[in-house]
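Chemist: Mind looking at a prediction? Sequence and model below.
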Amino acid sequence: MALSVMAALLGASLAFGQHEKPVAHNSKAGALVYAELAKAPDKARAKRNPMENDPDAVAAGQNLFEQHCSECHGNAGYGTQKAPSLRAEEVQSAAPGSIFWVLTNGVVRRGMPVWSKLPEPQRWQLVTFIKSLGVAPKTPEKKPD
Amino acid sequence: MFEKGYRTKLVLFELVDNQLQEEKLTLQTHVLFSAAWLLAALAFFPHSSRAQESPYIVTYDHYLEEPGNLEVEYFSTFGTQRGGNDFHSFWTEFEYGATAWWTTELYLDGQTTFHDSTVFTGLRFENRIRPLKHEHFINPVLYLEYERKNGADKILKEVEGHDVESDFLVPNAEARKEHINELEFKLIFSSTVRGWNFAENIIASKNLSNQPWEFGYALGASHPLALKASARRCSFCRENFIAGVEMYGGLGDRYSFGLNNTSHYVAPVVTWNLPSGWTLRLSPGFGLNGNSHAFLLRWGVSREITGFGSAVSRLFKGRS
C-alpha cells in the first residue's frame, strides 16, 4: 500500500514537472514572468548595483550565467521553451534592483527558482551581465503551424 | 541511445530488486553497484551544470532542486562503535526538481559492518515543498518522508528519539529481520544573510507499527569562502568552497521528551562545487555524549544533470 502511494507520488512529480507550460513561446506566460519585475518593492528597485563599475563583473556574471541560467534562458539569453528572453525590452529597461529582486525571490509558481543561494555580490554580477546583453532586434513572429 | 540506456537501467533495477529480497551483498558488489548508478547517470545524461550545493549532510536548508534537474548523489559514513564492530554505511540519492516549489527524492540505503556483512537496509521517498512564493528573513519548507527499512539501517541520515550507539551492536543477520515502516515530518527553517546560511530542522517521526512519535533536531550554519565570483572559470577559486558546521541529535519521544538517553553530534562540513557539475562534501562528526558514536566520517559526491525532465518527456512522447 505504502509502496503504491510512493510510486504514485513519484509518477505525479515527474508528470507535474512535465506539465508546466513553456513560457517563451507563450506570450501570456512570458508576460506574467516579466510582470514580476514590476512587483519589486520601491526599496528593492532603488538599490544601486555595487558591481556596476567593477571591470570583471560582466565576465564573472557571464560565467555564472553559463553555469546557472543558460540551461533555461539559452546561452545568449534569447530564451528557450523553458524560460523567456532576457533581451526583451521589459528586462533591459528594468531597474537593476528589480532584476536583482527577481533573481533573489524567483518566480516559483512559474518555474523560476530562487537564487538567493548565490551570495549577493554574485547576484549583482549576474545583473551586470544581463544588462550588458542589450535588447534583441525584433523579428517577425512565427505563425503557428 | 535511450533504448540502450533503458536496458541498462532495467538491469540495475533488477539488482535493486534482488537487494529488496534481502540477499546479502559483498562489499565489492556494493561498491560496483554504487559506481554503476553514478556511471549510468553520467553516461546517459551527460549534460550537467554547476550546482551551488549546501555543505550540509544532515541538515536541510530551504533551497530546492532546480525544476527538471536530477541530482545523483552518493554518500558514505564511516562510524566507530564501542563494544562492537565499526561500520561503513552508504546511500544513493536521486533528487529531482518536480517544480520550483517541489523537490522529490528517492534513497537507497545499505551498510557494511566490519567482520560481519554488507546488507541493503531499505529505501526512502522524500518530498520537500516550499509554501511561500518569495524569500523572507526565515523561509519555511515542509518535508514529508516515507521510510521502508530494516533494523540494520545505520546511515544516521537523521538522529531522532532515543537513538543511541548501543542500538548498532545487534548483528546484521538479526537486525535485518526487523522491518520498519516509518513516516517522517520535518519543519525546515532557513535564512540567508550576508552570505551566511542558518538552517534549523525540527523532526517528528512515527513508526507505523504502533510506536510513539519520536523527535529530533538538526542545526546548520555555513558561509562560502568568497562572495564574489572570479572572472575566469576555475576549480580552486575560493567561491567554489563552502564551509560550515552542523549539529544534530534526538529529543526523545512522546512519552519521554527531552535529552535523557539521547545522542548528539557536532560536525564541521565543507563542500567543493566544481565548475564541471560535480560536488564533493566532507564532514568529520564527533559524538557529544556517551550515547553517541565517538567519531563519524562522512563524505559524498554528487552530480547535477540538467534537463532530465525534458529527456524523460522526449522518451515517452517521442518529441522534444
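Modeler: Yep, that arrived.
Chemist: how about the strand ranked longest in chain B against chain A, any contact?
Modeler: Ranked by residue count, the top strand of chain B under DSSP state E comes out as strand B:179-193. Yes. Contact between strand B:179-193 and chain A, assessed by Cβ under 8 Å from any Cβ of the partner chain, occurs at B:181, B:192. From N, CA and C alone the C-beta is placed, and that goes for glycine too.
Chemist: could you say what helices and strands that strand packs with?
Modeler: strand B:139-150, strand B:196-207 (3 or more Cβ pairs under 8 Å, 6 or more residues apart in numbering or on different chains; DSSP states H and E).
Chemist: what helices or strands is the next helix-or-strand element following the first one leaning on?
Modeler: What it means is strand B:139-150. Under the assignment DSSP states H and E, the closest C-terminal helix or strand after strand B:139-150 is helix B:172-175. Judged by 3+ Cβ pairs under 8 Å, 6+ apart, the packing partners of helix B:172-175 are strand B:117-129.
Chemist: Output the strand it packs on in CSV with nothing but the alpha carbons.
Modeler: Taking Å, rounded to 0.1, in the frame of the first residue of the first chain, the C-alpha atoms of strand B:117-129 are listed here in CSV:
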residue,chain,number,x,y,z
SER,B,117,28.4,-8.4,6.5
THR,B,118,27.1,-5.9,3.9
VAL,B,119,23.4,-5.6,3.7
PHE,B,120,20.8,-3.5,1.8
THR,B,121,18.9,-1.7,4.5
GLY,B,122,16.0,0.0,2.8
LEU,B,123,14.7,2.9,0.8
ARG,B,124,13.2,6.3,1.5
PHE,B,125,11.0,8.5,-0.5
GLU,B,126,11.1,12.2,0.4
ASN,B,127,9.3,15.3,-0.7
ARG,B,128,10.1,18.9,0.2
ILE,B,129,7.6,21.7,-0.5
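Chemist: tell me what it is packed against?
Modeler: Using 3+ Cβ pairs under 8 Å, 6+ apart, strand B:117-129 is in contact with helix A:2-19, helix B:2-20, helix B:27-44, strand B:102-113, strand B:139-150, helix B:172-175.
Chemist: 6 Å instead?
Modeler: Secondary-structure packing of strand B:117-129 (3 or more Cβ pairs under 6 Å, 6 or more residues apart in numbering or on different chains; DSSP states H and E): strand B:102-113, strand B:139-150.
Chemist: most tightly surrounded among those?
Modeler: Compared across the helices and strands packed on strand B:117-129, strand B:102-113 shows the largest average neighbour count, a mean of 22 (mean count of other Cβ atoms under 10 Å in any protein chain shown).
Chemist: Could you quantify the relative orientation of that one and strand B:139-150 as an angle?
Modeler: 40 degrees (axes from the mean of the first three to the mean of the last three Cα atoms, to 10 degrees).
Chemist: hmm, back to that, TSV for the helices and strands packed on strand B:117-129, including distance to B:Arg82 and mean pLDDT?
Modeler: Formatted as TSV, the entries for these read as follows, by distance: least, Cβ to Cβ, whole Å; pLDDT from 0 to 100:
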stretch	distance to B:Arg82	mean pLDDT
strand B:102-113	14	96
strand B:139-150	23	97
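Chemist: what about the nearest residue in space to B:Asn139 that is not next to it in sequence, how many neighbours?
Modeler: Nearest residue to B:Asn139, sequence neighbours excluded (Cβ to Cβ, 6 or more residues apart in numbering or on different chains): B:His62, at 4.0 Å. Using other Cβ atoms under 10 Å in any protein chain shown, B:His62 has 24 neighbouring residues.
Chemist: Would you agree B:His62 is in contact with B:Tyr143?
Modeler: No. Look at B:His62 against B:Tyr143 with Cβ atoms under 6 Å: they stay out of range, at 10.5 Å.
Chemist: per-residue confidence for the residue nearest to B:Asn139?
Modeler: Looking at B:His62, its pLDDT stands at 96.
Chemist: contacting residues for it?
Modeler: By Cβ atoms under 6 Å, 6 or more residues apart in numbering or on different chains, the residues touching B:His62 are B:139, B:141, B:190.
Chemist: can you do 8 Å?
Modeler: B:His62 is in contact with B:130, B:139-141, B:188-190, B:199, counting by Cβ atoms under 8 Å, 6 or more residues apart in numbering or on different chains.
Chemist: Could you provide the residues you listed in CSV, with additional columns for distance to A:Ala38?
Modeler: Converted to CSV, the contacts of B:His62 look like this (distance: Cβ to Cβ, whole Å):
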residue, distance to A:Ala38
B:Arg130, 23
B:Asn139, 23
B:Pro140, 27
B:Val141, 28
B:Ile188, 31
B:Phe189, 30
B:Ser190, 28
B:Ala199, 32
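Chemist: now for those residues, which pair is the farthest apart?
Modeler: Farthest-apart pair in the contacts of B:His62 is B:Arg130 and B:Ala199; separation 13.7 Å (Cβ to Cβ).
Chemist: between those two, who's got more neighbours?
Modeler: Comparing B:Arg130 with B:Ala199 by other Cβ under 10 Å, the one with more neighbours is B:Ala199, at 25 against 22.
Chemist: show me the contacts for the more buried one.
Modeler: By Cβ under 8 Å, 6+ apart, the residues touching B:Ala199 are B:54, B:56, B:59-62, B:188-191, B:218-221.
Chemist: how about 6 Å then?
Modeler: Residues in contact with B:Ala199 (Cβ under 6 Å, 6+ apart) are B:59, B:61, B:190, B:220.
Chemist: Name the member of those residues with the most neighbours.
Modeler: Most surrounded of the contacts of B:Ala199: other Cβ under 10 Å gives B:Thr59, at 29 neighbours.
Chemist: isn't that residue right up against B:Ala218?
Modeler: Yes. Here B:Thr59 reaches B:Ala218: they are 4.2 Å apart, a contact under Cβ under 6 Å.
Chemist: Mutual contacts of these two, please.
Modeler: The contact sets of B:Thr59 and B:Ala218 overlap at B:Asn201 (Cβ under 6 Å, 6+ apart).
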